[in-house]
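Asker: Predicted model and sequence follow; I will ask about them next.
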Amino acid sequence: MAVIALKCPDVEVVVVDISAARIDAWNSDALPIYEPGLDDVVRRCRGRNLFFSSDVERHVGEADIVFVSVNTPTKARGLGAGKAADLTYWESAARMIAAVATSDKVVVEKSTVPVKTAEAIEKILDHNGRDGVGFQILSNPEFLAEGTAIRDLLAPDRVLIGGRETAAGRAAVQALKDVYARWVPEERILTTNLWSAELSKLAANAFLAQRISSVNAMSALCEATGADVAEVAYAVGKDSRIGAKFLNASVGFGGSCFQKDILNLVYICECNGLPEVANYWKQVIKGFKFPAIATTMCKDIYSLTPFQVIKINDYQKSRFVNRVVSSMFNTVAGKKIAVLGFAFKKDTGDTRETPAIDVCKGLIGDKAKVSIYDPQVTEDQVQRDLAMSKFDWDHPVHLQPMSPTAIKQVSVAWDAYEAARDAHGVCILTEWDEFRSLDYARIYGGMQKPAFVFDGRNVVDAEKLREIGFIVYSIGKPL
Ligand code: UGA
């Protein structure tokens, strides 16, 4: 919305939220989220044509176009628990819009929703709206990634708008297209029917997650064979049909979107009587049986028994923990391990589904003392994330949260040097740029020996670190 305000000075944009505290934060100098470049955009537009308000009903009532960007988490209980999207917030937003609208409105689905949600929303709007007030619903999924949001919005690969194929539907699509056309080249604004737009969002995230799962699966094979996953990914990505982007092997993907959206896609396939298609997509996050010996750590993290099926993305995280423990002489009990990076990726403070949570829980389960440093994640957030129970989609119950004793094994440091002081090992879990240029000789000097580095993001020059004296493990690389 801030970028729309920036690019369309004659359009008044009001961001509304029922949380007054959140709105206060948006109106203050300390915005409630960290996103490079966002401060600047907000500073330029706020008070001009960008406003933040908790007077939801008034502003929705006055608007011509209403973007609905409420969250759509995975359902925790009831029908479809663990897979289906929870549309409670969406439904109440639609009911509120219907109640306050006194003029025609274009209602835009910005939240990621299951395909066919627009049909349900249309029914709610049409049945609850006042006489003579018309609604057109559009699907306009968001493709920005966190950490690069402003860049992605200013120069998107594409903007997608889906609408009804009626005269009124086409007029609504055109109205929204005119907004984006102020800065996005015409050929990048795609218009489709409603269902294609809704499904394209889930499909795009499923394809992206699939690339990471594919390269991560290859990384395990690289480690077993002496191949280097960076060389393999480079060679594979040079094929223009495949492309070079999004092939970085890692400790696993995180974030609030991929897992949730694929689970949702799987559920939609199941509901449409397509179990083969559902199973195909399950493989991206839910994988295969593997031998008991490799499941020791998974057992610790998820309380699973050997030979149980686990998710392939989780396999990558447990493989990492396994590597840390086995290389440190099969025990990390009482040893200090520095964790550099807790956010799910660089340039964000977001920790939702971050692989760091599972890796830290795995290390703590083996009685390590974990010292965490992340430039954008607060101590409170770390403690909250580690104390939280995990929702397991195969067993829709909340697994046990960490015990108070386990929480005492965690500390949060103010910089990387402090985190690594007296540590036996360093785990790099987020690819923050500053981790590439740390003074690793200084870190080595302050650590217990032998000093280990486990690079879960392949950001350090392993050879240089070995020259200093470190024992270095990277993802998918020969030792
Ligand atoms: C993702 C999509 O990339 C966006 O296009 C989409 O709009 C967004 O979800 C959404 O649905 O809202 P985001 O979750 O912000 O964006 O972040 P990504 O850049 O996709 O990264 C997701 C995870 O994959 C991170 O943990 C990242 O470190 C990891 N990753 C990414 C890899 O491990 N390897 C890669 O090559 C790329």
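Answerer: Sure, I can see it.
Asker: phi, psi of residue 452?
Answerer: phi -110, psi 140 (degrees, to the nearest 10).
Asker: for it, what are its contacts?
Answerer: Going by C-beta atoms under 8 Å, 6 or more residues apart in numbering, residue 452 touches 324, 327, 328, 424, 425, 426, 470, 471, 472, 473. Yep, even glycine has a C-beta here, placed from its N, CA and C like the rest.
Asker: Can you pull the phi/psi pair for the first one?
Answerer: Spelled out, it's residue 324. The phi/psi pair for residue 324 (degrees, to the nearest 10) is phi -60, psi -50.
Asker: List the residues that contact it.
Answerer: Contacts of residue 324 (C-beta under 8 Å, 6+ apart): 332, 337, 363, 425, 427, 452, 454.
Asker: Which pLDDT value does the model give it?
Answerer: pLDDT, residue 324: 97.
Asker: Please apply the same query to the last one.
Answerer: Confidence at residue 473, expressed as pLDDT, is 98.
Asker: Could you do the fifth one as well?
Answerer: You'll see residue 425 listed with a pLDDT of 98.
Asker: how close does it get to the ligand?
Answerer: 21 Å (C-beta to the nearest ligand atom, to the nearest Å).
Asker: Same question for the third one.
Answerer: Between residue 328 and the ligand the computed distance is 24 Å (C-beta to the nearest ligand atom).
Asker: same check, this time on the last one
Answerer: As for residue 473, its distance to the ligand is 17 Å (criterion: C-beta to the nearest ligand atom).
Asker: likewise the first one?
Answerer: When C-beta to the nearest ligand atom is applied, the distance between residue 324 and the ligand equals 18 Å.
Asker: returning to that earlier point: would CSV of the contacts of residue 324 with secondary structure be doable?
Answerer: CSV is the format used below for the contacts of residue 324 (DSSP: H, G, I helix; E, B strand; the rest coil):
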residue, secondary structure
332, coil
337, strand
363, helix
425, strand
427, strand
452, strand
454, strand
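Asker: farthest pair in the residues you listed?
Answerer: 363 and 452 (12.4 Å; C-beta to C-beta).
Asker: Residue 107 pairs with what?
Answerer: Beta-bridge partners for residue 107, by DSSP bridges, are residue 66, residue 137.
Asker: Contacts only, for it.
Answerer: Residue 107 sits next to 66, 68, 94, 97, 121, 125, 135, 136, 137, 138 when contact means C-beta under 8 Å, 6+ apart.
Asker: Please report which of these has the highest neighbour count.
Answerer: Per-residue neighbour counts (other C-beta atoms under 10 Å) across the contacts of residue 107 peak at residue 94, which has 27 neighbours.
Asker: is it true that that residue touches residue 125?
Answerer: Yes. Using C-beta atoms under 8 Å, residue 94 is in contact with residue 125, at 5.8 Å.
Asker: one step back: would you format the contacts of residue 107 as JSON lines with pLDDT and distance to residue 248 included?
Answerer: Formatted as JSON lines, those follow (pLDDT from 0 to 100; distance: C-beta to C-beta, whole Å):
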{"residue": "66", "pLDDT": "98", "distance to residue 248": "38"}
{"residue": "68", "pLDDT": "96", "distance to residue 248": "33"}
{"residue": "94", "pLDDT": "95", "distance to residue 248": "39"}
{"residue": "97", "pLDDT": "97", "distance to residue 248": "41"}
{"residue": "121", "pLDDT": "91", "distance to residue 248": "37"}
{"residue": "125", "pLDDT": "95", "distance to residue 248": "43"}
{"residue": "135", "pLDDT": "97", "distance to residue 248": "43"}
{"residue": "136", "pLDDT": "97", "distance to residue 248": "41"}
{"residue": "137", "pLDDT": "97", "distance to residue 248": "37"}
{"residue": "138", "pLDDT": "97", "distance to residue 248": "34"}
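Asker: And those, which is closest to residue 267?
Answerer: Out of the contacts of residue 107, the member with the shortest distance to residue 267 (by C-beta to C-beta) is residue 121, at 18.5 Å.
Asker: contacting residues around the helix or strand where the closest one lies?
Answerer: According to DSSP states H and E, residue 121 maps onto helix 117-128. By C-beta under 8 Å, 6+ apart, the residues outside helix 117-128 that reach it are 87, 90-91, 94-95, 97-99, 107, 109, 135, 137, 139, 162, 194-195, 198.
Asker: Figure out how far that helix is from the centre of its chain.
Answerer: Centre-to-centre, helix 117-128 and its host chain are 29 Å apart (C-alpha atoms, centre = their mean, to the nearest Å).
Asker: Flag every buried residue along that helix.
Answerer: Using 16 or more other C-beta atoms under 10 Å as the test for burial, helix 117-128 gives 117, 118, 120, 121, 122, 124, 125.
Asker: Quickly check those residues for the two that are furthest apart.
Answerer: 117 and 125 (12.3 Å).
Asker: correct me, but residue 475 touches residue 219?
Answerer: Yes. With contact defined as C-beta under 8 Å, residue 475 counts as touching residue 219 (5.0 Å).
Asker: Need the overlap of contacts for these two.
Answerer: Joint contacts of residue 475 and residue 219 (C-beta under 8 Å, 6+ apart) are 229, 249.
Asker: how does the protein divide into domains?
Answerer: Here the domain parsing of the chain from automatic domain parsing is 55-192, 209-474.
Asker: Out of those domains, name the one with the poorest average pLDDT.
Answerer: Across these, domain 209-474 gives the lowest mean pLDDT, at a mean of 86.
Asker: what are the ranges of the helices in the stretch 351-479 of the chain?
Answerer: Remark: helices assigned in the stretch 351-479 of the chain by DSSP state H, counting those that start in this stretch are 355-365, 379-387, 404-408, 416-420, 440-445, 462-468.
Asker: just checking, what packs against the last one?
Answerer: So that's helix 462-468. Helix 462-468 is packed against helix 440-445, strand 452-455, strand 471-474, with contacts defined by 3 or more C-beta pairs under 8 Å, 6 or more residues apart in numbering; DSSP states H and E.
Asker: Between the ones you listed, which one is closest to residue 223.
Answerer: strand 471-474 (8.8 Å).
Asker: The closest one - which strands sit beside it in the sheet, and in what orientation?
Answerer: Per DSSP bridges, strand 471-474 is paired in its sheet with strand 452-455 (parallel).
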